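Visitor: predicted structure and sequence below. I'll ask about it afterward.
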Amino acid sequence: MRKIAYSLAVVLLLSACNSESTDKPTAENQTKQEVVHMEEALLGKWQGMIEIPQSPLEIILNLEESSGSISVPAQGISDFAFESIKYNESEVAITINLAGSLIKIAGTLKNEVMEGTFTQNGQSFPIMLKPYTETPVMYKELLIPVSGGELKAALEMPDKATGELVIIHAGSGPTNKDGNTVGAGSNNSLKMIAESLAEVGIASIRFDKRGVGDNTALIKKEEDLTFDVYVEDVKSIVDYAEKDDRFNEIHLLGHSEGALIMTIAAQQNDVASLISVAGIGRPADEVLMEQLSASLTPNLLAESEKILQQLKAGKEVETVPAQLQSLFRPSVQPYMISWLKYDPQHEIGNVDVPVIILQGRKDIQVTETDAENLYAANDQAIIHYFSKMNHVLKEIEGDREQNIASYSNPDLPLANGLIDEIVEFIKRY
């Protein structure tokens, strides 16, 4: 199921990169319409989920009499024009051409709910859409100068600010400013942190990484992205914030892979503290080999180890087996080389500002051993465990199935005590 979700996400993401303008369709893809008889109630915006198992994906459809478009918020795709649309009483049939991949959406209106199917590459998934309701934006959008352009960021500013600012960095892969990963649904963990901090007077800046969501366009080619570019973007945000008189101290908070990025950034910037949340405490090649050992044949596992050794030595690999292309394709190797050179223990040991390490005991991606490794590497660090917190910072009472389901449940609150611990740490230092 994970493979299915990944292939869908890749096709949609490619469409965002390859289309020059989503709101100005060319003559070739102008929307066409056939109407037998249409219920007016079908017209307007509809919002819901493609029910991919374990990885639901939010979509928004805009149905008009002679036009229509699709938006995928998690991937930064906005108002991409339909190729065709047909109405038949309470039914609608839509086709979309995304980067050469044909998508079909069929829906039927029943009691103000549209139910149907989303089909791509021969695979079909249920959809259920409801009338779109505008979610009020609680943050102010910032445009921060960075290498190659401007980084869009979200400033969550309290009504009564205390002067502290927390810069929040998301984890690995296509994870956006709210903590939601493309193809894995929405949990809104980082959004909840920002909003909770604002309630106690602490401002925050969070942002989609380069190549994700609002900042997709900052990466023209995959091979241009390196780990150090992420660190440089943090520096640009710190520089921007230092010029704002509303802030008298800056704290860095990183989640998962973002914890390592913020650990390096804490060494290079004048900040008040580092908050490491679910950060890995071992070199990336060790973690990758551990993960791959559960899914690869012995031959491919041995080949992966050779490739990782060469990448860790700073050398690109010319020949990669077809079965390992998704992991080690040439365009991603510059990023991996830049990432593999960092040892999280060594880096956190070089941080000379106060450090707190926060770890959930229900985390199925990062272990308590990782947290202990980080803690042992910095004499000044403090550590706190949350007995029921998982990797997306939600409270889990049950089994692995409930744990995984929480990754796509934005209604679950943050783990009990997490915000209190962060706020207490910030106030203390």
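Guide: Right, received. Where do you want to start?

Visitor: next up, phi/psi of the nearest residue to residue 121 once chain neighbours are set aside, please.
Guide: Once flanking residues are discounted, residue 121 sits nearest to residue 101: 6.3 Å by C-beta to C-beta, 6 or more residues apart in numbering. Glycine gets a C-beta too; all of them are placed from N, C-alpha and C. Residue 101 adopts backbone torsions of phi -100, psi 130, taken as degrees, to the nearest 10.

Visitor: for residue 103, same thing?
Guide: Dihedral pair for residue 103: phi -120, psi 140, per degrees, to the nearest 10.

Visitor: count the neighbours of it for me.
Guide: Using other C-beta atoms under 10 Å, residue 103 has 20 neighbouring residues.

Visitor: and the gap between it and residue 69?
Guide: The gap separating residue 103 from residue 69 is 13 Å, by C-beta to C-beta, to the nearest Å.

Visitor: just the helices in the protein please.
Guide: Secondary structure of the chain (DSSP state H): helices located at 2-18, 189-199, 227-242, 257-268, 284-292, 298-312, 325-328, 333-340, 344-349, 368-377, 400-405, 418-428.

Visitor: for these, which one sits closest to residue 147?
Guide: helix 227-242 (6.3 Å; C-beta to C-beta).

Visitor: buried set for that closest one?
Guide: By neighbour count on 16 or more other C-beta atoms under 10 Å, the buried set for helix 227-242 is 227, 229-231, 233-234, 236-238, 240-241.

Visitor: quick revisit: export the helices of the chain to JSON lines and append columns for mean pLDDT and distance to residue 152.
Guide: Converted to JSON lines, these look like this (pLDDT from 0 to 100; distance: least, C-beta to C-beta, whole Å):
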{"stretch": "helix 2-18", "mean pLDDT": "37", "distance to residue 152": "15"}
{"stretch": "helix 189-199", "mean pLDDT": "97", "distance to residue 152": "15"}
{"stretch": "helix 227-242", "mean pLDDT": "98", "distance to residue 152": "11"}
{"stretch": "helix 257-268", "mean pLDDT": "98", "distance to residue 152": "17"}
{"stretch": "helix 284-292", "mean pLDDT": "92", "distance to residue 152": "28"}
{"stretch": "helix 298-312", "mean pLDDT": "96", "distance to residue 152": "31"}
{"stretch": "helix 325-328", "mean pLDDT": "90", "distance to residue 152": "28"}
{"stretch": "helix 333-340", "mean pLDDT": "96", "distance to residue 152": "21"}
{"stretch": "helix 344-349", "mean pLDDT": "98", "distance to residue 152": "28"}
{"stretch": "helix 368-377", "mean pLDDT": "98", "distance to residue 152": "31"}
{"stretch": "helix 400-405", "mean pLDDT": "92", "distance to residue 152": "30"}
{"stretch": "helix 418-428", "mean pLDDT": "97", "distance to residue 152": "24"}
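
Visitor: highest mean neighbour count out of the ones you listed?
Guide: Most buried of these, by mean neighbour count (mean count of other C-beta atoms under 10 Å): helix 257-268, with a mean of 24.

Visitor: returning to that earlier point: in this structure the residue nearest to residue 121 contacts residue 122, no?
Guide: No - using C-beta atoms under 8 Å, residue 101 makes no contact with residue 122, being 10.7 Å away.

Visitor: could you measure the residue nearest the centre of the chain against residue 182, distance?
Guide: The centroid of the chain falls nearest to residue 175 when counting by C-alpha atoms, centre = their mean (1.0 Å). Residue 175 sits 8 Å away from residue 182, going by C-beta to C-beta.

Visitor: run a quick neighbour tally on residue 59.
Guide: 22.

Visitor: before we move on, what about residue 126?
Guide: Neighbourhood size, residue 126 [other C-beta under 10 Å]: 14.

Visitor: so it sits against residue 117, correct?
Guide: Yes - Residue 126 lies in contact with residue 117 (C-beta under 8 Å); the separation is 6.2 Å.

Visitor: buried ones in stretch 347-356, by neighbour count?
Guide: Applying 16+ other C-beta under 10 Å to stretch 347-356 flags 347-349, 351, 353-356 as buried.

Visitor: between those, which sits nearest residue 45?
Guide: Nearest to residue 45, judged by C-beta to C-beta, of the buried residues of stretch 347-356 is residue 356 at 42.5 Å.

Visitor: please name the bridge partners of that closest one.
Guide: Following DSSP bridges, residue 356 is listed with bridge partners residue 275, residue 382.

Visitor: that one is in contact with residue 424, isn't it?
Guide: No - the pair residue 356 / residue 424 is not scored as a contact, 9.3 Å apart, by C-beta under 8 Å.

Visitor: rebuild the helices of the chain as JSON lines, extending it with distance to residue 218.
Guide: JSON lines is the format used below for these (distance: least, C-beta to C-beta, whole Å):
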{"stretch": "helix 2-18", "distance to residue 218": "11"}
{"stretch": "helix 189-199", "distance to residue 218": "19"}
{"stretch": "helix 227-242", "distance to residue 218": "9"}
{"stretch": "helix 257-268", "distance to residue 218": "16"}
{"stretch": "helix 284-292", "distance to residue 218": "23"}
{"stretch": "helix 298-312", "distance to residue 218": "24"}
{"stretch": "helix 325-328", "distance to residue 218": "23"}
{"stretch": "helix 333-340", "distance to residue 218": "14"}
{"stretch": "helix 344-349", "distance to residue 218": "25"}
{"stretch": "helix 368-377", "distance to residue 218": "30"}
{"stretch": "helix 400-405", "distance to residue 218": "31"}
{"stretch": "helix 418-428", "distance to residue 218": "28"}
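
Visitor: tell me where the stretch 51-200 of the chain has strands.
Guide: With DSSP state E, counting those that start in this stretch, the ranges of strands along the stretch 51-200 of the chain come out as 57-63, 68-72, 77-81, 84-89, 91-98, 101-110, 113-120, 123-131, 140-146, 149-156, 164-169.

Visitor: any idea of the angle the third one forms with strand 68-72?
Guide: Direction vectors for strand 77-81 and strand 68-72, defined by axes from the mean of the first three to the mean of the last three C-alpha atoms, to 10 degrees, enclose an angle of 160 degrees.

Visitor: quick one: strands adjacent to strand 77-81?
Guide: strand 68-72 (antiparallel).

Visitor: what is the neighbour count of residue 40?
Guide: Counted with other C-beta under 10 Å, residue 40 comes out at 7.

Visitor: how near is it to residue 65?
Guide: 9 Å.

Visitor: out of residue 101 and residue 122, which sits in the busier spot?
Guide: residue 101 (16 against 6).

Visitor: so what sits opposite that one in the bridge?
Guide: Beta bridges link residue 101 to residue 98, judged by DSSP bridges.

Visitor: now do the one 5 residues further on
Guide: The partner list for residue 106 in beta bridges (DSSP bridges) reads residue 93, residue 117.
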